[in-house]
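1. Sequence and predicted model, in that order:
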Amino acid sequence: MVIDEIKFILNSSAVAVDNPKGLIRRVWIWLTLLCCLRGGNAKWLKASWLKELDDGGMRLELPKEKNHARGIKDPYAESGSSFIPPDIPENAYTPVADIRRYLYKRPNNVDADYFFVSINTPKNIYRGDWYLASKLGKGTQDTMVFIIL
């Protein structure tokens, strides 16, 4: 992707941060772009793998298996680290702020600590409870890029 294509996506109403669907899509885009997530990595991502850094950035520590399957099964396998730089003041594109907003809206008691969770009912969204404590469905994640584009 070139810069203009990324800006086009980030400026789309499909990834607006003022609603739960848009915010989850925007965070998915940020993590996919900045952390080079591929295949099913986003589906198995755990919230505890994302750490805030002292400089205002974030680090995603993605455990790896020898064959790069999800999760650590080999105790001697190395993990892969991806760094998300701190947001630049006055910049319209703020990945760290967007991720923090998502984590703030996401419940703390999520099943198995999955990062991406299901969207709540309109009634609960209106009350401020945007997300459920259950994992986002496989079909929803599989079609995420098509919905955004």
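-> Everything's here; your move.
2. so where is this protein shaky, pLDDT-wise?
-> Along the chain, segments meeting pLDDT under 70 span 39, 64-79, 138-149.
3. any idea how far Ser82 lies from Asp111?
-> Using Cβ to Cβ, to the nearest Å, one gets 24 Å for the distance from Ser82 to Asp111. For glycine as for every other residue, the C-beta is placed from the backbone atoms N, C-alpha and C.
4. Arg25 too?
-> Taken as Cβ to Cβ, the span from Arg25 to Asp111 is 21 Å.
5. Comparing Ser82 and Asp111, which shows the higher neighbour count?
-> Applying other Cβ atoms under 10 Å to Ser82 and Asp111 shows that Ser82 carries more neighbours, namely 16 against 12.
6. count of residues packed around the residue lying closest to the more buried one once chain neighbours are set aside?
-> The spatial neighbour of Ser82 that comes closest, neighbours along the chain excluded (Cβ to Cβ, 6 or more residues apart in numbering), is Cys35 at 3.6 Å. Residues lying near Cys35 (other Cβ under 10 Å) number 23.
7. Spell out which residues sit in contact with Cys35, please.
-> Going by Cβ atoms under 8 Å, 6 or more residues apart in numbering, Cys35 touches 60, 62, 82, 84.
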